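> Got a sequence here, can you build the structure:
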Amino acid sequence: MKKFKAEGALLLTTLLWGVTFVIIKISLMKVSPLLFVSLRFTIATLILLPFIFPVIKISSLEALKGGVILGLLYFTGFATQTVGLNYTTATKSGFITGTFVMFTPVVQLVIEKRKPRKENIFGMLLVLAGLIFLSSKGSSYFDILSEIGGNFNLGDFFTLLCALSFAFYIVYLDIVSKKYDYKLLVFMQIAVTGICSLFFVLILSGIGFEPIRFSINGQVIFTVLYTALFATIVATTLQTKFQNAVSPTKAAIIFSLEPIFAAVFAFFIINEKISNFGFVGCIFIFTGLLVSELMGKRNNDSE
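Take a look at the predicted model:
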């Protein structure tokens, strides 16, 4: 029962993230990317601070250090993805980011010395195939190959760093969430991401890499508040509290449903169509999750 409750919490986390793609896409016409990330995480930090301050005062140095490392991995994932989007296509960014599902079991094996189960590996391969189809906006296999297999550029490199960062984040969260108070870890990773984002906003705007752009309206206010409250505080709390009940590889497979939720919300909110290959990709990803879940349950029942 604990395992299914945890998987349900991670699925809800993925759903909350899925909404953000379309509303952030609209708001970024008014706000520069890193400034938006800074606003989102700074507001979340200020909301949490009064509730978490008593926990911080009694926390050990090791717990605080674990939270800082977790926050740096979290921030690195967001920052490298944002920078990468400036140099590569959204199609390639979506696919390369999704490859964290492939890196996670490797990182898990190296750091935790835990081999992923066979059903998880099979499910992961199905998910990876699904990401290729879902990332494609073309109408033929040649379109997919040309979009995904284009020249590797600087943006692709940064996005690959993003995927690696999230893989390390998922595995490291599995380690520290079993040792320290999840409330402290939630606050630390959000606060570190907010501080680092603000620092890089000032640095990058100063050298002209990303000029500060901010025009407020109702859409921007709604997006900042939604992402701060639900996609940051609620989602991060659910992930930090419940992920340790499932393996990092299984968690990565559940999180791979995020682009499906994103595509569904994009269809209903801004009428963004899903290609035929996109539907095929959704089927592959969903099948990968079912394979991992049902085969895993069968193996547990037989043990």
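
> Gly288 against Ser256, yeah?
Yes: Gly288 is within contact range of Ser256, at 7.2 Å (criterion: CB atoms under 8 Å). Where C-beta positions appear, they are placed from N, C-alpha and C, glycine not excepted.

> For those two, list the residues in contact with both.
The contact sets of Gly288 and Ser256 overlap at 127, 130 (CB atoms under 8 Å, 6 or more residues apart in numbering).

> ranges for the strands of the stretch 1-150 of the chain?
For the stretch 1-150 of the chain, applying DSSP state E, counting those that start in this stretch gives no strands.

> what residue ranges in this protein score low on pLDDT?
86, 89-91, 135-152, 296-303 (pLDDT under 70).

> Contacts only, for the residue nearest to the spatial centre of it.
Nearest to the geometric centre of the chain sits Phe166, at 6.7 Å (CA atoms, centre = their mean). Each residue near Phe166 by CB under 8 Å, 6+ apart is listed here: 73, 77, 97, 100.

> gap between it and Gly77?
Noted for Phe166: a distance of 5 Å to Gly77, by CB to CB, to the nearest Å.

> Would you map the helices across the stretch 51-200 of the chain?
Applying DSSP state H, counting those that start in this stretch to the stretch 51-200 of the chain gives helices spanning 61-85, 90-98, 100-112, 118-135, 141-148, 154-176, 182-206.

> returning to that earlier point: any quick PyMOL command for the buried ones out of the contacts of Phe166?
Of the contacts of Phe166, the buried ones can be selected in PyMOL as follows, counting by 16 or more other CB atoms under 10 Å:
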select buried, resi 73+77+97+100
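
> of all the contacts of Phe166, which comes closest to Leu48?
Leu73 (18.9 Å; CB to CB).

> Including distance to Ile203, could the contacts of Phe166 go into JSON lines?
Shown next, in JSON lines, are the contacts of Phe166 (distance: CB to CB, whole Å):
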{"residue": "Leu73", "distance to Ile203": "20"}
{"residue": "Gly77", "distance to Ile203": "19"}
{"residue": "Thr97", "distance to Ile203": "24"}
{"residue": "Phe100", "distance to Ile203": "26"}
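
> closest to Glu272 out of the helices of the stretch 51-200 of the chain?
helix 90-98 (11.3 Å).

> Now do the closest one and helix 154-176, the angle between them.
Helix 90-98 runs at 30 degrees relative to helix 154-176, counting by axes from the mean of the first three to the mean of the last three CA atoms, to 10 degrees.

> CA atoms of helix 90-98 as CSV?
Only the C-alpha atoms of helix 90-98 are listed here, as CSV (Å, rounded to 0.1, in the frame of the first residue of the first chain):
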residue,chain,number,x,y,z
ALA,A,90,12.2,22.7,-28.7
THR,A,91,11.9,19.3,-30.3
LYS,A,92,15.5,18.3,-29.6
SER,A,93,15.3,20.0,-26.1
GLY,A,94,12.2,17.9,-25.2
PHE,A,95,13.9,14.6,-26.4
ILE,A,96,17.3,15.2,-24.8
THR,A,97,15.8,16.3,-21.5
GLY,A,98,13.7,13.2,-21.5
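
> name the helices or strands packed onto that helix?
Packing contacts for helix 90-98, counted by 3 or more CB pairs under 8 Å, 6 or more residues apart in numbering; DSSP states H and E, involve helix 61-85, helix 118-135, helix 141-148, helix 154-176.

> Let me know which of those helices is the nearest to Ile43.
Judging the helices and strands packed on helix 90-98 by CB to CB, what sits closest to Ile43 is helix 61-85, at 15.1 Å.

> circling back to that earlier point, what's the closest of the helices and strands packed on helix 90-98 to Ile212?
With CB to CB, the closest approach to Ile212 among the helices and strands packed on helix 90-98 belongs to helix 61-85: 14.2 Å.

> List the buried residues in that closest one.
In terms of neighbour count (16+ other CB under 10 Å), helix 61-85 has its buried residues at 63, 66-67, 69-85.

> What are the contacting residues of it?
Residues contacting helix 61-85 (CB under 8 Å, 6+ apart): 33-34, 37, 56, 93, 96-97, 155-159, 161-162, 165-166, 168-169, 172-173, 176, 179-181, 184-185, 187-193, 196-197, 200.

> CSV please, covering the helices and strands packed on helix 90-98 and showing distance to Leu229.
Output for these, formatted as CSV (distance: least, CB to CB, whole Å):
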stretch, distance to Leu229
helix 61-85, 17
helix 118-135, 28
helix 141-148, 35
helix 154-176, 21
